[in-house]
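Peer 1: let's see this in three dimensions:
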Amino acid sequence: MNIHFISIGGSAMHNLALALHEKGDHITGSDDAIFEPSKSRLAAKALLPESMGWFPEKVHPKLDAIILGMHAKADNPELIKAQELGITIYSYPEFLYEHAKNKTRVVIGGSHGKTTITSMILHVLKYHEVEVDFMVGAQLDGFDRMVHLTTENEIIVLEGDEYLSSPIDLRPKFHLYKANIALLSGIAWDHINVFPTFENYVDQFRIFVDTMIKGGMMVYNSEDDVVRQVVEETSNQIKTDPYKTPVYRIENGHTLLDTAEGEVPLEIFGKHNLQNLEGARSICFHLGIGEEDFYEAIADFKGASKRLEKIAENRQTAVFKDFAHSPSKVEATTNAVKEQYANRKLLACLELHTYSSLNEDFLKEYVGTLDKADEAVVFYSPHAVKIKRLKEVSQEQIARAFKRDDLVIYTDPKEFKEFLFSQNLADTTLLLMSSGNYGGLDFEEVKELL
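Peer 2: Here you go, the predicted model:
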């Protein structure tokens with residue numbers, strides 16, 4: 001096929017472009033800005049656009065399809081040209097469904113944990129040489145790309161994002177996949193700029209369950225009250241398989257999982273990650289991987305990129321960075337690190353970076369999320385608030401939202417870095433939580449703190 005990508009440089013989009021190129025399709029693309037690592041990866045396959053910008057002449061009748069990324073706008077000149085010519089236009093998830101409509105579709109959904117669970121499943125399947133197509137939202141050890149598509153594999157494993165599909169298709173991505181096997185890890189309000197109320201947000205998961213193929217299997221976290229209610233109330237004729245946190249213990253900073261095969265030492269830790277592991281085990285069971293084989297494979301799983309990733313450690317100190325930004329993720333990650341290193345001071349730093357986290361009405365959702373930290377720091381950029389065209393947020397509002405009297409707040413990247421590099425980290429765990437980079441913090445430099 002001849003396929004043109006509008007907004008080829010995105011994390012997901014460039015991976016799909018590379019996967020289709022590998023499969024033998026002819027790929028072209030455009031974008032107004034492309035950053036690393038997308039830039040180098042596209043260049044290596046001669047897929048990097050010669051010039052940045054939008055060029056309607058790239059859109060012509062010989063194209064079989066357009067794949068439209070969320071970064072593009074509805075008035076994009078290339079999109080308008082494609083519409084005028086009547087070329088088939090797919091959103092990212094629409095194209096994946098079209099590719100996978102005759103495969104068994106395994107879709108991992110939830111407000112949190114979906115990237116980690118999908119990564120765990122793929123790690124186990126690869127260990128046991130089970131070939132599947134896949135799409136996951138993070139780079140994994142042992143995998144060249146985040147997307148892999150073939151004509152021959154009978155199963156596809158998809159991370160099911162609830163965010164919108166494209167500028168001209170405002171359906172959540174996971175509504176389009178029509179899962180044969182699905183998982184719901186948890187529901188905690190997010191994306192306030194798209195889903196203005198909690199109930200509206202929950203409705204998206206109800207629709208996801210209702211779009212499953214009749215007779216399909218829903219694996220779900222029974223310890224999440226909202227998930228349980230959504231699954232148990234559906235009128236869709238599906239089978240259900242609940243899971244909960246497995247039994248475990250922590251010894252000398254290491255997590256040991258209690259199984260029928262005996263204790264299994266793990267590289268990952270935290271109650272939320274053990275819930276994720278149990279969900280992944282259930283999905284793998286439905287794909288033919290027995291319990292003993294699952295534990296053999298999962299023992300050396302180190303986590304998905306940017307998900308509670310240990311970036312430095314010595315005998316006295318460990319430094320983690322995590323993609324956590326929503327309230328539920330911040331609380332789960334903070335609690336997990338404190339539990340794992342209970343005898344050390346926990347210095348937790350959170351950057352408020354997303355639309356939701358910088359919204360004055362949503363801020364109250366962060367109450368209590370940093371309570372387990374011995375010292376808590378929040379960083380946000382007033383410049384980022386302006387760029388996102390949000391109402392200005394004050395330090396006083398943030399302090400009130402977290403309801404922690406000793407909360408330290410920084411708005412200047414230089415001052416935050418000076419604070420960080422002035423700390424004595426002996427007998428301390430440093431946790432850096434953000435979907436950004438604290439206004440330009442170099443994490444390689446952070447490693448030098450040890």
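Peer 1: against Lys447, how distant is the nearest residue to Ala426 once chain neighbours are set aside?
Peer 2: The shortest distance from Ala426 to any non-neighbouring residue, by CB to CB, 6 or more residues apart in numbering, is to Gln316 (5.0 Å). The way it works is simple: take the backbone N, C-alpha and C, and place the C-beta from them, glycine included. The gap separating Gln316 from Lys447 is 15 Å, by CB to CB, to the nearest Å.
Peer 1: I'd like the average pLDDT over stretch 165-185.
Peer 2: Average pLDDT, stretch 165-185: 95.
Peer 1: any idea how far apart the tips of it sit?
Peer 2: Stretch 165-185 stretches 21 Å from its first residue to its last (CA to CA, to the nearest Å).
Peer 1: pull the residues that contact stretch 308-315.
Peer 2: By CB atoms under 8 Å, 6 or more residues apart in numbering, the residues outside stretch 308-315 that reach it are 268-270, 273, 303, 318-322, 333, 336-337, 443, 446-447, 449-450.
Peer 1: how far does that stretch sit from its chain's centre?
Peer 2: Centroid separation for stretch 308-315 versus its chain: 21 Å, with CA atoms, centre = their mean, to the nearest Å.
Peer 1: can you check stretch 34-54 too?
Peer 2: Its chain's C-alpha centre lies 23 Å from the corresponding centre of stretch 34-54 when counted by CA atoms, centre = their mean.
Peer 1: pull out the buried positions in it.
Peer 2: Using 16 or more other CB atoms under 10 Å as the test for burial, stretch 34-54 gives 34, 38, 41-42, 47-49, 54.
Peer 1: which ones among these are found in helices?
Peer 2: 38, 41-42 (DSSP state H).
Peer 1: shaky segments in the protein?
Peer 2: 305-306, 388 (pLDDT under 70).
Peer 1: okay, now the domains of it?
Peer 2: 2-87, 95-298, 309-447 (automatic domain parsing).
Peer 1: wait, a strand at Val157?
Peer 2: Yes: secondary structure of Val157 (DSSP: H, G, I helix; E, B strand; the rest coil): part of a strand.
Peer 1: and it, how close does it get to His148?
Peer 2: Remark: distance between Val157 and His148 (CB to CB) = 10 Å.
Peer 1: kindly report the same for Glu98.
Peer 2: 16 Å.
Peer 1: ok so, going back, can you tell me which of the contacts of stretch 308-315 are buried?
Peer 2: Buried among the contacts of stretch 308-315 (16+ other CB under 10 Å): 268-270, 273, 303, 318-322, 333, 336-337, 446.
Peer 1: which of those sit farthest apart?
Peer 2: Using CB to CB, these reach their maximum pairwise distance at Asn273 and Val446, which is 22.3 Å.
Peer 1: send me the longest helix seen in the chain as PDB with only the CA atoms.
Peer 2: Looking across the chain with DSSP H, the single longest helix is helix 271-286. Provided in PDB are the C-alpha atoms of helix 271-286 (Å, rounded to 0.1, in the frame of the first residue of the first chain):
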ATOM      1  CA  LYS A 271       1.200  -2.900  45.200                       C
ATOM      2  CA  HIS A 272       0.000  -1.300  42.000                       C
ATOM      3  CA  ASN A 273       2.700  -3.100  40.000                       C
ATOM      4  CA  LEU A 274       1.800  -6.400  41.600                       C
ATOM      5  CA  GLN A 275      -1.900  -5.800  40.700                       C
ATOM      6  CA  ASN A 276      -0.600  -5.200  37.100                       C
ATOM      7  CA  LEU A 277       1.400  -8.400  37.200                       C
ATOM      8  CA  GLU A 278      -1.700 -10.400  38.300                       C
ATOM      9  CA  GLY A 279      -3.700  -8.900  35.500                       C
ATOM     10  CA  ALA A 280      -1.000  -9.800  33.000                       C
ATOM     11  CA  ARG A 281      -0.900 -13.300  34.400                       C
ATOM     12  CA  SER A 282      -4.700 -13.700  33.800                       C
ATOM     13  CA  ILE A 283      -4.400 -12.400  30.200                       C
ATOM     14  CA  CYS A 284      -1.400 -14.700  29.500                       C
ATOM     15  CA  PHE A 285      -3.500 -17.700  30.900                       C
ATOM     16  CA  HIS A 286      -6.200 -16.900  28.300                       C
END
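Peer 1: next SSE after that helix?
Peer 2: Next along the chain after helix 271-286, taking DSSP states H and E as the criterion, comes helix 291-298.
Peer 1: what does that next one rub up against?
Peer 2: Under CB under 8 Å, 6+ apart, the answer for helix 291-298 is 120, 123-124, 127-128, 257, 259-261, 264, 266, 277, 280-281, 284-285, 289.
Peer 1: gap between it and the chain center?
Peer 2: Distance, centroid of helix 291-298 to centroid of chain: 24 Å (CA atoms, centre = their mean).
Peer 1: next structured bit after the longest strand seen in the chain?
Peer 2: Scanning the chain for the strand with the most residues, using DSSP state E, yields strand 345-352. Next along the chain after strand 345-352, taking DSSP H and E as the criterion, comes strand 375-380.
Peer 1: quick one: list the elements packing against the next helix or strand after that next one.
Peer 2: Next along the chain after strand 375-380, taking DSSP H and E as the criterion, comes helix 382-387. Using 3 or more CB pairs under 8 Å, 6 or more residues apart in numbering; DSSP states H and E, no helix or strand is in contact with helix 382-387.
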